[in-house]
Structure formats: structure tokens, C-alpha cells
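>>> Got a predicted structure plus its sequence, pasted below:
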Amino acid sequence: MQPLVGMELRELRQALGTDQPPYRARQLYEALYRHQASELVHISTLPVRTRQQLAGHHSLGLPEVAHLYESADGTRRYLLRLDDGRTVETVLMPEGERNTICLSSQVGCPVDCQFCMTALLGLERNLTAGEIVGQALLVARENRLRQDGGRLNLVMMGQGEPLLNLSNVLKATRILVDPRGFALSPRRITISTAGIIPKIDELGRESVRPKLAVSLNASTEEMRCELMPITRKYHLKDLLEACRRYPLRPWEKLTFEYVLLKGVNDTDQDARRVVKLLANLNCKVNLIALNPGAEIVYHTPDGARVKGFQQILSRSLPCFIRKPRGLDIYAACGQLQRSTGETAYEHGR
Ligand code: SAH
């Protein structure tokens, strides 16, 4: 059974067969992505016979909800089962009228960041474009989120390193921003990278692409090598150069994320070095106080330290503190490890 979700118009035309009029593929495309059909047989814009024919060789291909964890703060962590039985996580973070869905791009992650629990899974496989789009479709439908009202954001900051699965991430993005598809503004999709330099350049050459966030996480090469061993391959200096040459669109700014680890990278001196590193970049910084996890040796700095760090950065560039969401259900940044406990938040506090 070939999944339909993830197919672009051209592929849907093939799936339908050449004897079908071309508008059928458009109807199918709109049913899948714009109207988030929950079952193939329910797509009433297509003749019953066409639906039956399609169902002979194709599935809709949406992931299945294996488990839903709900946080006291309203965050929802979906444990989703894919076609091959593997599971991956997607997180919905409602905030007033605004909703953010955090998508995974890989099952597990091959990048070995020392403060991140997903790293402990290792890489199981890349997600297909359909599995990336499917996460958004499913969570949007389950929660009746409207994609065209301007209050929905997608971030590819779940499991995985999106730039190591770039072609599928790009294909998913094209479907998600297509006005006939999911119809989300490209300003409302962000991917975050640990710093895969050649892929940053490649992304910059794409005309349809999400916004870019870069996980900085250290103020020196030495410290970054320790926290993010991938720095040995993609040096900090080269990463920042790639950021400097990255072709931002007129409305766009780069985002840098900085995970604060108590007594490790959170001093005033670190903050001043970050300011220097980011000089002349059109960017903002999101600070994330470490979200704790079992097997993570680092500690969370207290609120005053985080504020102090922010103050120094704020003198030179926009700097925000990312509020942790869904800590009690292991849904926060760096905590996606398919935890199954109902309240898994005792560790590290
Ligand atoms: N692989 C990509 C996408 C993951 S995004 C990347 O590295 O950017 C997840 C964000 O959460 C990254 O900025 C990462 O540095 C941060 N993060 C990872 N572990 C964390 C933890 N334990 N606490 C807080 N933030 C964490």
C-alpha cells in the first residue's frame, strides 16, 4: 500500500491513473492537505469508484496515535505510530489563540548533543515527507486548528536533525505552504539545526523554504565541541560564516538558540562572547534553560541567572527566554525520547 499523504500533485496524478481528468488530482490534493481528510473513503469530492480504485493500492498514510500525553500547562505530546511500527513524537503547544506544533524530522537523532535526550535514541531512520506532513495534518485535525487564520506555527524542532533529511523536509514544506495544500505562510514554519554547514548553504538556495534557527549553545569552539561533538566536523567559526552568507528574505531574521547549562555556559562572560560572535548578524536569540532528563549530567540554572544572561544579550540584540512547555510529560525541548511515564518529571530537580 502506497501512502498518499506526502505526494505532490504530479504524483497524485500518477496514482489516480492517466484516464482520470486532471482536476481529480487537484480535488484529491485539496482533500488531503487543505481539508485534512481522515479516511480515503470519506473524500466525497471524488466519485465512489475512484475512491475504491485508489484504495486498492493506496492508503491515506496518516500516522496513528499510539498515546497522547497531556500536560498541566495544556501541552499535548503525541506518540505516533508509523507504517513500519516505529514511533515518533509530535508536540502541540497552545498559548491563548496561538498554537505551535513541534514536528519531528527523523526517528531518533544521529547528532550527539550531550544535553539532549533524543540523542540517546540514536538515529533509527529518516521520516518521509508524508510522515512529516502527516504529523501536522493529524494534530491540526485532532485539535481543529485552522491553518489559514494566521495563528498556527510549525517548528521542526522535535526528534531529529532536519538538515540531515533535507529533501524530505523541503518536500514537506512545499506541501505545507502551498495555498492549495496546507496553506500555511512560510513565515510560520521554522526548522532548527545543530549546524550542518553544507546543508545550510543548500537550504539558502531553495526558493520555498522554512525560516532557519541555529542551535548555538556555547560561546567558544572548545565548549561547543564538548557539548555538541558535531562541532569537530563543522567548526563554530565556519558555522557563523555560513550564517553570515545565508540569504535572508526581506522579512526574515535568523534565530539562534542557546541552551543554558548551570555553571557550564551561563556566565556573564559567555553572554558577552555570544554578543561578539553574533555581531553583524540579522538575528535574535532564544534562551532555553536546560530541561532536565535522566542520564543528562547537566543542571538547570536558576531564573535569576537566565535573566542576567538575557540582560547582557539584550543590550545588543533581541533576546527572549523560551518558556518550557510540557515538562511534566516529557514534551519540552530536548526531552523527546518516547518516554512512557505519566509524570516523568522527577529527575534533575
Ligand atoms: N536537531 C535540531 C532540532 C532540535 S531543536 C537542533 O539541534 O537544532 C531542539 C532545540 O532544543 C535545540 O535548540 C536544542 O539545542 C535544544 N535542546 C536540546 N536538549 C535540550 C534540553 N535538555 N533542554 C533544553 N533545550 C534543549
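Cool, the structure landed. Remember, it's a predicted structure, so these values are computed and weren't measured experimentally. Numbering: from 1, shown residues only.
>>> For the stretch 51-200 of the chain, what lies in contact range of the ligand?
Taking CB under 6 Å from any ligand atom, the part of the stretch 51-200 of the chain that reaches the ligand is made up of 111, 113, 115-116, 157, 161, 192-194. Glycine gets a C-beta too; all of them are placed from N, C-alpha and C.
>>> what are the bridge partners for the closest residue to residue 70 other than its chain neighbours, then?
For residue 70, the nearest residue in space outside its immediate sequence neighbours is residue 76; the separation is 5.5 Å by CB to CB, 6 or more residues apart in numbering. On the basis of DSSP bridges, residue 76 takes part in beta bridges with residue 70, residue 92.
>>> What score does the residue of the stretch 1-150 of the chain found nearest the ligand have for pLDDT?
Nearest to the ligand in the stretch 1-150 of the chain, going by CB to the nearest ligand atom, is residue 116, at a distance of 3.4 Å. The predicted local distance difference test score for residue 116 is 96.
>>> Quick check: closest non-adjacent residue to it.
Leaving aside its sequence neighbours, residue 116 is closest to residue 334 (4.3 Å, by CB to CB, 6+ apart).
>>> Just the closest residue of this protein to the ligand, please.
Using CB to the nearest ligand atom, residue 334 is the residue of the chain that sits closest to the ligand, at 2.0 Å.
>>> in which helix or strand would I find that residue?
With elements taken from DSSP states H and E, nothing contains residue 334; it lies in neither a helix nor a strand.
>>> Nearest residue to the middle of this protein?
Most central residue of the chain, judged by C-alpha distance to the mean C-alpha position with CA atoms, centre = their mean, is residue 156 at 1.1 Å.
>>> Does residue 270 fall in a helix, a strand, or a coil region?
State at residue 270, reduced to three classes by DSSP: H, G, I helix; E, B strand; the rest coil: helix.
>>> cool, residue 192 as well?
Three states are possible here, and by three-state DSSP the one that applies to residue 192 is strand.
>>> Begin at 19, not 1, for the rest of this chat.
Right, with 19 as the first residue, what we last looked at is residue 210.
>>> What pLDDT is listed against the residue lying closest to it once chain neighbours are set aside?
Nearest-residue entry for residue 210: residue 231, 4.1 Å, with adjacent residues in sequence omitted and distances by CB to CB, 6+ apart. At residue 231 the predicted local confidence, pLDDT, stands at 98.
>>> dump the residue contacts of residue 270.
For residue 270, the contact set (CB atoms under 8 Å, 6 or more residues apart in numbering) comprises 205, 229, 300.
>>> Doesn't the residue of the stretch 19-168 of the chain closest to the ligand belong to a helix?
No. Residue 134 is assigned coil when assessed by three-state DSSP, not a helix.
>>> residues near it, how many?
Counted with other CB atoms under 10 Å, residues neighbouring residue 134 total 27.
>>> tell me the contacts of it?
Under the criterion of CB under 8 Å, 6+ apart, the contact list for residue 134 reads 127, 314, 352.
>>> Now, of the residues you listed, which are buried?
Burial of the contacts of residue 134 was assessed by neighbour count (16 or more other CB atoms under 10 Å); the buried members are 127, 314, 352.
>>> Good, wrapping up.
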